[in-house]
Each structure stands twice: as structure tokens, then as C-alpha cells.
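> show me how the following folds:
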Amino acid sequence: MAKRTFIIDCDTGTDDAIAIIAALYSPEIELAAITSVNGNVSHQHTSQNNLNLMEYLGADIMVARGAEKPLFLRAPHYGNTHGQTGLGDIVLPTATTSDFAKKNAIEVIRRKADELKGELELLVIGPMTNIAIALSLYPDIAEKIKHIWFMGGAVKGGNVSTTAEFNIWVDPVAARLVLASGIPCTMVGLDVTELAILNHQDAKILRSMGTKAAVLTADILDYMFRRNENGGEDAMMHDALALAAALCPQCLVYKDYFVDVECMDSYTVGHTAVDLRNTLGRQPNVKVAVDIHVDLFKEWLIGCIGNSRTL
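Here you go, the predicted model:
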């Protein structure tokens with residue numbers, strides 16, 4: 001069976017890195033590129049994290065730099081969830097033999113969409129700035145992208161405000177543009193990602209595999225456990241769950257809804273307005289994950305990373 005081609009667009013923090021590792025060793029897909037965006041930490045860190053990660057794992061994957069600022073005017077918003085540079089307290093060797101692609105993320109996405117003629121899929125696990133810019137500059141690529149699988153939003157509640165999830169909150173203008181583009185989208189939001197939590201036993205299994213990829217994942221999890229002990233977020237696999245939506249759809253339960261993004265109100269900006277009762281009478285534009293089979297997800301994720309033993 002032919003592999004599916006993906007670009008991962010990300011603001012590489014801790015859980016982004018785990019999603020990238022899982023994708024790298026997933027037999028069903030081929031990674032065409034990893035593109036970076038401002039988000040969890042500043043773009044200088046997210047982009048360098050991607051380059052360092054690929055060289056550390058010996059992966060010959062194109063790494064392209066993307067948007068350094070969101071389309072939505074926002075003051076500095078970086079917290080300490082992912083540490084100062086995005087990977088918690090893990091320090092990867094600085095890449096020395098590889099470099100960033102000459103073309104920026106927007107051009108990489110456009111060229112690959114043209115090349116694959118409707119078969120390119122995007123895993124978007126950070127703010128949607130790069131995708132929105134690409135659609136604004138080259139609107140015809142909307143017909144050439146097969147599907148966008150994104151981590152972001154929530155049916156109910158938020159994690160950065162009372163109503164908004166971080167990735168959408170950082171750049172709600174970009175998210176609104178993408179969701180209105182007509183590209184088929186699957187939304188994996190906080191309603192399910194906050195239930196996708198790995199534990200110490202999962203980390204122990206991964207560490208016992210002994211590969212660079214598995215041990216690095218266990219190291220990241222150990223940072224997450226310490227973070228949680230100090231009052232921070234648990235080891236939630238937000239971004240890896242978005243990858244699971246694409247590759248292990250039975251991990252989740254979905255419903256089709258019309259979804260829009262609030263871009264104006266100061267209290268609700270970044271809120272994903274999910275029309276649960278079809279009060280707007282609009283056609284659904286997003287497949288929304290509403291429930292999760294946690295054990296199946298964990299088995300799938302550990303299995304993907306475990307494939308690094310055979311490569």
C-alpha cells in the first residue's frame with residue numbers, strides 16, 4: 001500500500017516532539033517536511049528544535065522555517081509549560097551537518113501541494129499562521145491539500161482563557177481563514193487531548209526499548225512528570241493525538257459540526273465556536289473529536305515509537 005505524504009507544521013515543544021517522533025516511525029506515512037511556526041516558544045527555538053531533533057535521530061527530512069509572528073496582533077505570550085527553549089530541560093546537540101531548507105515553510109507547503117496534486121496531508125500542531133499565509137498567497141492550494149488534521153480548539157472551555165485553547169488563541173485570524181478555506185479538516189481539541197495522558201509505566205516501557213527515539217521520549221515524559229509535580233500540566237499527548245486521528249482513527253469518536261473562530265471579543269478571542277445544535281444552519285466544515293479510547297491510543301503511540309527498534 002502506498003504511503004500517505006504529510007507535512008508537519010509545528011511550534012515544537014515537548015508534546016510536539018513526541019508527535020514528530022511517532023510520525024517519523026509510523027510505517028503508513030512519509031514525511032515530506034517539518035515546518036516551524038511561532039507558538040509554544042519563539043520561532044528561533046521551535047525551528048532549531050526541529051533541526052536538532054532530525055539530526056539527532058538521523059532522519060533525512062526537510063526542515064523549513066516559517067512565520068515568526070502571528071497574523072493576530074498579540075503581545076509576547078510565552079509561558080513556562082515547555083521550558084525556555086521548548087523541550088523542557090532536555091538539551092539536544094546542536095545540528096552541525098544539516099541546515100534549514102532554502103525555501104520558507106509557505107513555499108515548501110505550496111510546492112509539495114502542487115507536486116502531489118491533491119494527495120498532501122497536513123498535521124498542524126501549532127498556530128495555523130503558515131497555512132493561512134499559504135492560502136492567502138496561493139488560494140488555489142486549497143484544492144490541492146487532501147486533509148488538515150489539527151490539534152487546537154475545544155468544544156467546551158479553554159486552557160489559556162476561559163474559552164480558548166492555546167494554538168487557536170495565539171492566531172485566531174489564521175485559524176478562521178483555514179477553517180473557512182474548504183479544505184477537509186479534523187479538529188482534535190482539549191475535550192479529548194486532556195484525557196490522553198501517559199504515565200510512569202508508559203515511560204518505563206519506552207525507556208526499556210533502548211533506542212534514541214524511545215529514550216528521548218521517556219526523557220521528555222520525565223520532564224512532564226516533574227512539571228506536573230510542581231503544579232504544571234500533566235503528560236498530555238495533545239499533538240500525538242492529532243496524529244492518531246489521521247493514522248489510528250478508531251482511537252477517537254467524531255461528530256461533524258460547523259466551526260468558526262472568534263477573532264474580536266476581548267474575553268472570547270480564540271474561542272472555537274462549535275455549532276452543536278446547528279442553530280446557524282450552516283453546513284459542517286470540521287470533523288470534531290468528541291471522545292477518546294485512551295488505552296487504544298496509548299498502545300498505538302508506544303507501538304509507533306517502538307518501530308524505531310527495527311530501523
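> run the chain-centre distance for stretch 37-48.
13 Å (Cα atoms, centre = their mean, to the nearest Å).
> next: stretch 86-104.
Per Cα atoms, centre = their mean, the centroid offset for stretch 86-104 relative to its chain is 18 Å.
> gap between the two ends of it?
21 Å (Cα to Cα, to the nearest Å).
> what comes into contact with it?
Identification of contacts with stretch 86-104 by Cβ atoms under 8 Å, 6 or more residues apart in numbering yields 11-14, 16-17, 33, 40-41, 45-49, 51-56, 62-66, 82-83, 108, 111, 216, 219-220, 223-224, 227. (Each C-beta comes from the backbone N, C-alpha and C, glycine too.)
> go with 6 Å
12-14, 40-41, 45, 49, 51-52, 55-56, 62-65, 219, 223 (Cβ atoms under 6 Å, 6 or more residues apart in numbering).
> counting only helices, which of these make the cut?
14, 45, 49, 51-52, 55-56, 219, 223 (DSSP state H).
> and the residue lying closest to residue 195 once chain neighbours are set aside, how far from residue 246?
Closest residue to residue 195 apart from its sequence neighbours, by Cβ to Cβ, 6 or more residues apart in numbering: residue 292 at 5.2 Å. Per Cβ to Cβ, to the nearest Å, residue 292 is found 15 Å from residue 246.
> pretty sure residue 68 sits against residue 39.
No - the criterion here is Cβ atoms under 6 Å, and residue 68 misses it with residue 39 at 10.7 Å.
> and those two? Which one has more around it.
For residue 68 and residue 39, the more surrounded residue by other Cβ atoms under 10 Å is residue 39, and the numbers stand at 28 against 14.
> enumerate every residue touching the more buried one.
Contact analysis of residue 39 by Cβ under 6 Å, 6+ apart lists 11, 126-127, 170.
> which residue is the nearest non-sequential neighbour of it?
Per Cβ to Cβ, 6+ apart, closest to residue 39 is residue 11, 2.6 Å.
> let's see if you can find the most crowded of the contacts of residue 39.
Neighbour-wise, the contacts of residue 39 (other Cβ under 10 Å) top out at residue 127, 33 neighbours.
> got a pLDDT number for that one?
Note on residue 127: pLDDT of 98.
> check residue 266 too.
At residue 266, pLDDT is 85.
> could you confirm residue 260 falls within a strand?
Yes - membership of residue 260 in a strand is supported by DSSP: H, G, I helix; E, B strand; the rest coil.
> wait, it sits on residue 272?
No - using Cβ under 6 Å, residue 260 is not in contact with residue 272, being 7.7 Å away.
> when those two are compared, which one has more neighbours?
Comparing residue 260 with residue 272 by other Cβ under 10 Å, the one with more neighbours is residue 272, at 28 against 18.
> for that one, what are its contacts?
Contacts of residue 272 by Cβ under 6 Å, 6+ apart are 153, 168, 259, 261.
> redo that, cut-off 10 Å
When contacts are counted by Cβ atoms under 10 Å, 6 or more residues apart in numbering, residue 272 touches 152-155, 158, 163-165, 168-169, 172, 175-176, 179, 187, 189-190, 257, 259-262, 286, 288.
> neighbours of residue 224, how many?
25.
> could you pull out the residues contacting both of residue 68 and residue 39?
Common neighbours of residue 68 and residue 39 (Cβ under 10 Å, 6+ apart) are 46, 129.
> could you list the low-pLDDT ranges of this structure?
1, 310-311 (pLDDT under 70).
> flag every buried residue along the helix or strand where residue 111 lies.
If you go by DSSP states H and E, residue 111 is part of helix 105-116. Residues of helix 105-116 classed as buried: 105-110, 112-113 (neighbour count, 16 or more other Cβ atoms under 10 Å).
> check which helices and strands it sits against.
Helix 105-116 sits against strand 4-10, strand 29-36, strand 62-64, strand 120-124, helix 129-137, strand 145-151, with contacts defined as 3 or more Cβ pairs under 10 Å, 6 or more residues apart in numbering; DSSP states H and E.
> contacting residues for residue 242?
With Cβ under 10 Å, 6+ apart, residue 242 has these contacts: 8, 15, 19, 123-125, 148-152, 167, 186-189, 192-193, 196, 252, 289.
> any idea how many residues pack against residue 222?
Other residues lying near residue 222 total 17 when counted by other Cβ under 10 Å.
> which non-adjacent residue is nearest it?
Spatial nearest neighbour of residue 222, chain neighbours left out: residue 203 (6.3 Å); criterion: Cβ to Cβ, 6+ apart.
> what packs against the helix or strand where that neighbour lies?
Taking DSSP H and E as the definition, residue 203 sits inside helix 200-209. Counting contacts by 3+ Cβ pairs under 10 Å, 6+ apart, helix 200-209 packs against helix 212-229, helix 294-306.
> hmm, who's touching it?
With Cβ under 10 Å, 6+ apart as the test, helix 200-209 has contacts from 18, 21, 198, 213-222, 224-225, 235, 237, 298, 301-302, 305-309.
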